[in-house]
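Visitor: build the 3D model from these lines:
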Amino acid sequence: MKRIVVLVALLFSGMLSFGQYNFAVSEIPEGLKTGADAVTRFDETEFIIEDIKSSVTKKHWAVTIFNEMGESQHSVFRAYYDKFSQVRKIEGTIYDAGGKVLKKLKNSDIRDIGIGSIGDEITDTRVKIAEFDKKYYPYPYTVEFSFDEKSSNMMFFPTWMPASMERNAIQKSSFMISVPDGIKVHKLSQNIPTPSKVTRNGTRTDESWEIADFRTGDFESYSKNLTVPKVITAPVDFQINDYVGKITSWSDISSFYYQLNSGRDKLPESLVSELNNMLKDEKSIEARVRKIYSYVQARSRYQSIQLGIGGWQTIPASVVATKGYGDCKALTNFTLALLKTAGIEAYAALIKAGEDAVWDNPEIPRMNFNHVIACVPVKNDTIWLECTSQDNSFGYQGDFTGNRMALLIKPAGGGLVKTTAYEPEANFLYRTAEVSVSETGNARIKTNTSFGGIQQDTRAYLYKSMNVEEQKDWLMKRIHLPNFKILTVGSSLDKKRNPVLSETLDIEATNLCTFSGKRMFLKLNLFGNFIDPDGATGERKSELYLNPNMYNFLDTDSLVFEIPAHFDPEFLPKELNLKFAFGEYQTKVVKEGTKLVYLRRVKVKGGTYPKETYKDWVAFIKKINANDKQKIVFVNKNG
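Guide: Numbers count the residues shown, from 1 in each chain. All right, here's what the predicted structure looks like:
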């Protein structure tokens with residue numbers, strides 16, 4: 001999909017020219033400098049809509065850099081462009097702490113690189129990189145940049161997020177959108193301290209927002225960071241190439257995408273015959289869909305193609321059938337063409353993919369997507385197909401496209417729908433272990449573990465892509481026993497709708513137990529690890545957000561310890577039960593002859609909770625971590 005550009009900058013009508021500012025660090029208020037990696041002196045962005053086919057963006061900003069982190073964030077400027085845009089008038093200057101000019105940017109300091117030359121994409125996107133030479137510039141120093149961009153891609157308007165980086169401060173930042181009469185625009189502002197200013201300028205209306213003397217500090221953990229200042233803009237009327245669109249609802253976007261890609265689903269006759277023969281014995285819809293999906297996986301591979309309007313318009317299904325490759329649009333379109341030929345109802349679905357992708361502000365319909373998948377509605381069910389993967393389990397979405405909204409593409413009436421919600425019971429880890437402890441405190445440990453849903457993703461990749469020695473090395477870094485070696489590793493993957501990976505380990509541990517006189521100490525929780533608390537204190541501003549792709553899980557451990565007969569537990573730990581809206585935790589220890597059974601269960605339910613529950617979440621984490629470290633004491637009856 002085309003890169004969705006977020007302008008993290010400020011907008012200001014009547015921009016400052018170069019050299020029109022005192023960049024001495026002493027001019028920055030002390031309250032902004034304290035603890036800051038960088039301070040934005042000013043940041044001005046003007047987004048000027050010329051008509052429904054073109055726009056101009058003007059940006060000018062300066063940042064004082066105090067350390068390496070600030071340098072990594074601000075010292076280099078990158079401007080992406082393609083056949084629909086031109087980047088012009090790049091200027092830059094670097095100043096010392098006193099505001100004296102050290103160097104001005106030269107043309108030789110600006111590299112122009114094709115994105116396809118540094119990645120595996122087939123694309124016409126390029127990037128201009130403005131960077132001062134590698135000479136050491138002592139901190140603090142200030143960089144100033146500006147550029148203009150002319151664009152004919154009016155499907156995308158900027159989102160202004162001036163405070164998008166932690167431990168940065170802003171002296172002044174502004175954003176302005178200039179709209180000619182007769183053109184409508186979606187606008188939404190959030191967390192801006194002062195109202196916008198609206199002015200008439202001939203036949204145009206200009207609206208501007210500004211923040212000043214603003215500190216970001218550290219972003220709150222377990223938060224969507226919805227309290228940062230933001231202005232979203234999006235088109236209503238627009239044109240790209242010969243395609244004219246109007247977006248007043250999500251259904252309008254669905255119809256436009258359908259129009260953009262209609263008529264590209266014709267398959268070669270030879271493939272139609274092959275498909276009919278392949279499906280002749282399959283009676284159920286699910287069986288036919290499964291067979292088609294297996295065919296796509298076996299006969300095609302993913303290749304990103306971002307040429308011209310191709311960022312949103314697929315290559316024809318016939319080309320994929322012949323070439324055997326395509327991007328997410330093309331492979332989804334190819335799959336849909338096969339399903340259509342088989343008489344199966346199916347649709348493309350636009351989605352914002354990624355483990356940590358946050359769906360925000362659905363009240364503004366806009367092209368807020370980066371991926372396409374296939375949706376097959378069946379009775380009492382929906383089958384989602386990730387068409388870019390050659391080894392994905394049939395119908396499995398995982399944390400890449402699950403637990404979020406998607407836009408169903410139809411000629412009319414398309415809208416937002418929910419993808420698969422992976423509840424804790426689907427993302428499970430069930431572990432059993434037999435632990436034989438010797439008199440010297442060494443142990444032989446044999447484990448059987450089942451990983452389900454999202455929890456199996458990493459393990460499935462591990463066992464698919466690494467050899468046995470690499471697997472052992474990977475596991476050694478993640479098993480927290482004092483001294484041990486892995487003797488054998490085994491695994492198998494059940495590729496059902498919610499895939500399950502089974503793992504067996506045979507471990508030899510030295511000094512698993514420690515001794516003091518006639519007492520032997522044993523940590524019961526050998527494998528379970530929870531979450532490190534962030535240690536944040538003070539008043540909470542944001543709601544508690546537990547990303548369902550990370551914090552929807554159920555872990556159970558059942559460990560059976562075989563203890564030498566002449567060792568008796570001095571005491572058995574008390575059963576512990578914690579229960580909150582966001583999670584549960586239970587542990588229990590039972591003695592059965594010479595065996596000790598340790599039971600542990602952790603369940604976390606992702607979602608959004610009131611900000612007042614954050615302190616309960618931190619307490620929950622700390623109590624679990626403390627209890628997980630608990631040791632049991634055995635006394636040697638033989639002295």
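Visitor: give me the element Val289 is part of.
Guide: Taking DSSP states H and E as the definition, one finds Val289 inside helix 285-299.
Visitor: equivalent analysis for Tyr614, please.
Guide: Using DSSP H and E, the element containing Tyr614 is helix 614-628.
Visitor: how far does that helix sit from its chain's centre?
Guide: Its chain's average C-alpha position is 26 Å from that of helix 614-628, according to C-alpha atoms, centre = their mean, to the nearest Å.
Visitor: same for it, what does it pack against?
Guide: Using 3 or more C-beta pairs under 8 Å, 6 or more residues apart in numbering; DSSP states H and E as the contact test, the elements touching helix 614-628 are strand 544-546, strand 576-580, strand 583-592. Quick note: C-beta positions are derived from backbone N, CA and C, even for glycine.
Visitor: deepest-packed of those, please.
Guide: strand 544-546 (a mean of 21; mean count of other C-beta atoms under 10 Å).
Visitor: parallel or antiparallel, list what pairs with that strand.
Guide: Sheet pairing of strand 544-546 (DSSP bridges) gives strand 607-609 (antiparallel).
Visitor: quick check: mean pLDDT of the partner strand?
Guide: Per-residue pLDDT over strand 607-609 has a mean of 96.
Visitor: quick one: low-confidence parts of the chain?
Guide: 1-19, 116-121, 306-308, 310, 534-538 (pLDDT under 70).
Visitor: follow-up on the earlier one: then the following helix or strand past the helix holding Tyr614 to CSV, C-alphas only?
Guide: Downstream of helix 614-628, the next assigned helix or strand under DSSP H and E is strand 631-636. This file holds the C-alpha atoms of strand 631-636, laid out as CSV (Å, rounded to 0.1, in the frame of the first residue of the first chain):
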residue,chain,number,x,y,z
LYS,A,631,11.1,-20.3,47.1
ILE,A,632,10.1,-23.3,49.1
VAL,A,633,12.3,-24.6,51.9
PHE,A,634,13.0,-28.3,52.5
VAL,A,635,14.6,-29.7,55.6
ASN,A,636,16.8,-32.8,55.4
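Visitor: can you list the neighbours in contact with strand 631-636?
Guide: When contacts are defined by C-beta atoms under 8 Å, 6 or more residues apart in numbering, strand 631-636 is touched by residues 518-524, 563, 566-573, 589, 596.
Visitor: now stretch 539-546
Guide: 220, 222-227, 552, 582, 604-615, 617.
Visitor: report the buried members of the residues you listed.
Guide: Buried residues within those, counting neighbours by 16 or more other C-beta atoms under 10 Å: 220, 222-226, 552, 582, 604-609, 611, 613-614, 617.
Visitor: ramachandran angles for Gly182?
Guide: phi 90, psi -10 (degrees, to the nearest 10).
Visitor: what is the neighbour count of it?
Guide: Residues lying near Gly182 (other C-beta atoms under 10 Å) number 9.
Visitor: who's in contact with it?
Guide: Per C-beta under 8 Å, 6+ apart, neighbours of Gly182: none.
Visitor: over to Gly98?
Guide: Gly98 is in contact with 24-26, counting by C-beta under 8 Å, 6+ apart.
Visitor: most neighbours among these, please name it.
Guide: Among these, the one with the most neighbours (other C-beta under 10 Å) is Val25, at 19 neighbours.
Visitor: that residue and Val63 touch, don't they?
Guide: No - checked against C-beta atoms under 8 Å, the pair Val25 and Val63 is beyond contact range at 11.8 Å.
Visitor: between those two, which contacts overlap?
Guide: Contacts common to Val25 and Val63, judged by C-beta under 8 Å, 6+ apart, are Thr142.
Visitor: dump the helices and strands packed on helix 614-628 to CSV, plus distance to Phe428.
Guide: Output for the helices and strands packed on helix 614-628, formatted as CSV (distance: least, C-beta to C-beta, whole Å):
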stretch, distance to Phe428
strand 544-546, 17
strand 576-580, 19
strand 583-592, 14
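Visitor: so what pairs up with Tyr80 in the strands?
Guide: Taking DSSP bridges as the rule, Tyr80 bridges to Val127.
Visitor: OK, contacts around Lys379?
Guide: Counting by C-beta under 8 Å, 6+ apart, there are no residues that Lys379 touches.
Visitor: Ser55 too?
Guide: 47-49, 150-151, 154, 157.
Visitor: quick check: Leu559 touching Leu522?
Guide: No - using C-beta under 8 Å, Leu559 is not in contact with Leu522, being 10.6 Å away.
Visitor: neighbours around the spatially closest residue to Ala169 that is not a sequence neighbour, how many?
Guide: Excluding its sequence neighbours, the residue lying closest to Ala169 (C-beta to C-beta, 6 or more residues apart in numbering) is Leu32, at 3.9 Å. Close neighbours of Leu32, defined as other C-beta under 10 Å, add up to 19.
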